[in-house]
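Enquirer: pasting the sequence and the predicted coordinates here, then a few questions.
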Amino acid sequence: MIPALALARETIGDGAPVFGSIDRENAEPVHPVGAGSRLPAHIVDNTTDKSLLSIRGVTLEYETPERIIRATHRIDLDVFPAERFVLLGPSGCGKSTLLKAVAGFIRPREGEILLDKKRITHPGPDRIVVFQEFDQLPPWKTVRQNIVFPLLASKTATRGQANERAAYFIDKVGLSGFADAYPHQLSGGMKQRVAIARALAMQPRILLMDEPFAALDALTRRKMQKDLIALWEEVRFTLLFVTHSIEEALVVGNRIAILSPHPGRVRAELNSHQWNLGSGGEEFQSAARRIENYLFENGATENSAA
C-alpha cells in the first residue's frame, strides 16, 4: 500500500484536496479529487505506481557549539515518478535539511532514504540540486561550458553528447542567445535558468530544488514558475521542491507535504494538481488560508499542549 491519509480529514472546495494525519498501519487510500473522479492522464496514480523516492522514519540532527539540534523527526514520505512534490513549512522546520539528506549531503540520525529501492549514503549524479543562491555557477565558464562541464566530469556523456544536451536545454530554458555569455552578464533569473538547464542535462532520477526562486523579484519569480511548469510538461522529470510560500506550493506542486514547525514532522499531505498559475479567486484563497491555519494554528495548539 502507498502512504495514505486518514484521521482528521478536511476538504477544500468542491472536489478538493484531502488533508489528514498519516497513520501508515491503518490508513485508507486517499483520492486526490472528488469522489468518483479520475486523475488527469499526466498525473501519477499513487494507488498503483511504485515510489521512486522513499523516506522512512528519517530523523535529522546537526551540531552547534552549544548543542545538538533536531531538524526533523521521523519523516515518512514517498515521491512517485514524474511528480512535482513540494515540501512546505515555516522557516526552521527542516525542509531544506531534508532535501540535503536526499541529495546525500547529510546522513540521517535514524531511518533511511531510498532511491529506486537503494539506500542513499552519499551524493550522486542521479540527484541534482538547484540552490537558491545565484553564485552556484562557476563565473569563469560560459553558459554552455557550465552545462557541459559536469557531464564530462562525471563521465555521463561524451563531449559530443554533452554539447548536444547543452544546446537542447539551453533552448528549453530560453537562453539560446546567451550560450556564450558569462554569469556576470546574466540577471538573477537567467542564472537560475542556467542552473536548471545544467541540472536537467545530467538527466537525474530526481531534480532537487531548494527555494530556487525565493531571492527573485515577484515578476521574475512568476515567470520562473511558469517556465518550470512548461519544462516539466515537456520533459516530465521528477521534482522535489522546497518552499515556505503557500501560494507557490499550490501552483508548482501536484502533491504537497506540510511540515510542522521545528522539529519538522509530516502534519499532512495535500493533492494539489487542480491548481495552476492561472488559479485565483475565492476557492484558491480559501485553500491557502486553510493550509496557513493547518500550519500555524494547529501547530500552536500542539506546541502549547506539549
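Expert: Perfect, thanks for sending it.

Enquirer: from here on, contacts and neighbour counts on C-alpha atoms
Expert: Noted.

Enquirer: which of the three states applies to the residue positioned nearest the centre of the chain?
Expert: In the chain, the centroid-proximal residue (Cα atoms, centre = their mean) is Phe241; its distance is 1.6 Å. Secondary structure, DSSP: H, G, I helix; E, B strand; the rest coil: Phe241 is strand.

Enquirer: quick check: it vs Gly264, distance?
Expert: Per Cα to Cα, to the nearest Å, Phe241 is found 16 Å from Gly264.

Enquirer: next, count neighbours for Trp140.
Expert: Look at Trp140: counted by other Cα atoms under 10 Å, it has 11 neighbours.

Enquirer: that should have said Lys223, apologies.
Expert: Neighbours of Lys223 under the rule other Cα under 10 Å: 13.

Enquirer: just the helices in the stretch 101-250 of the chain please.
Expert: Per DSSP state H, counting those that start in this stretch, the stretch 101-250 of the chain carries helices over the ranges 143-153, 159-172, 188-201, 218-235, 246-252.

Enquirer: for Glu269, find the nearest of those helices.
Expert: Glu269 sits nearest to helix 246-252 of all these, at 11.9 Å, using Cα to Cα.

Enquirer: quick one: list the elements packing against that closest one.
Expert: Here helix 246-252 touches strand 84-88, helix 281-292, going by 3 or more Cα pairs under 8 Å, 6 or more residues apart in numbering; DSSP states H and E.

Enquirer: let's see it at 7 Å
Expert: Here helix 246-252 touches no other helix or strand, going by 3 or more Cα pairs under 7 Å, 6 or more residues apart in numbering; DSSP states H and E.

Enquirer: which residues touch the residue nearest to the centre of the chain?
Expert: Shown in contact with Phe241 (Cα atoms under 7 Å, 6 or more residues apart in numbering): 85-87, 208-210.

Enquirer: and the furthest pair within these?
Expert: Distance extremes for the contacts of Phe241: the farthest pair is Phe85 and Asp210 at 12.2 Å, using Cα to Cα.

Enquirer: those two: who's more crowded?
Expert: Remark: of Phe85 and Asp210, Phe85 carries more neighbours, 25 against 21, as counted by other Cα under 10 Å.

Enquirer: what's across from the more buried one in the sheet?
Expert: Leu240, Arg255 (DSSP bridges).

Enquirer: kindly report the same for Glu112.
Expert: The partner residues for Glu112, given DSSP bridges, come to Arg56.

Enquirer: hang on, the earlier thing: can I get the contacts of Phe241 in JSON lines including distance to Gln132 and pLDDT?
Expert: As requested, the contacts of Phe241 are arranged in JSON lines below (distance: Cα to Cα, whole Å; pLDDT from 0 to 100):
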{"residue": "Phe85", "distance to Gln132": "17", "pLDDT": "96"}
{"residue": "Val86", "distance to Gln132": "15", "pLDDT": "96"}
{"residue": "Leu87", "distance to Gln132": "15", "pLDDT": "95"}
{"residue": "Leu208", "distance to Gln132": "11", "pLDDT": "96"}
{"residue": "Met209", "distance to Gln132": "8", "pLDDT": "95"}
{"residue": "Asp210", "distance to Gln132": "6", "pLDDT": "94"}
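
Enquirer: a markdown table please, covering those and showing distance to Gly280.
Expert: Formatted as a markdown table, the contacts of Phe241 follow (distance: Cα to Cα, whole Å):
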| residue | distance to Gly280 |
| --- | --- |
| Phe85 | 21 |
| Val86 | 19 |
| Leu87 | 22 |
| Leu208 | 27 |
| Met209 | 25 |
| Asp210 | 25 |
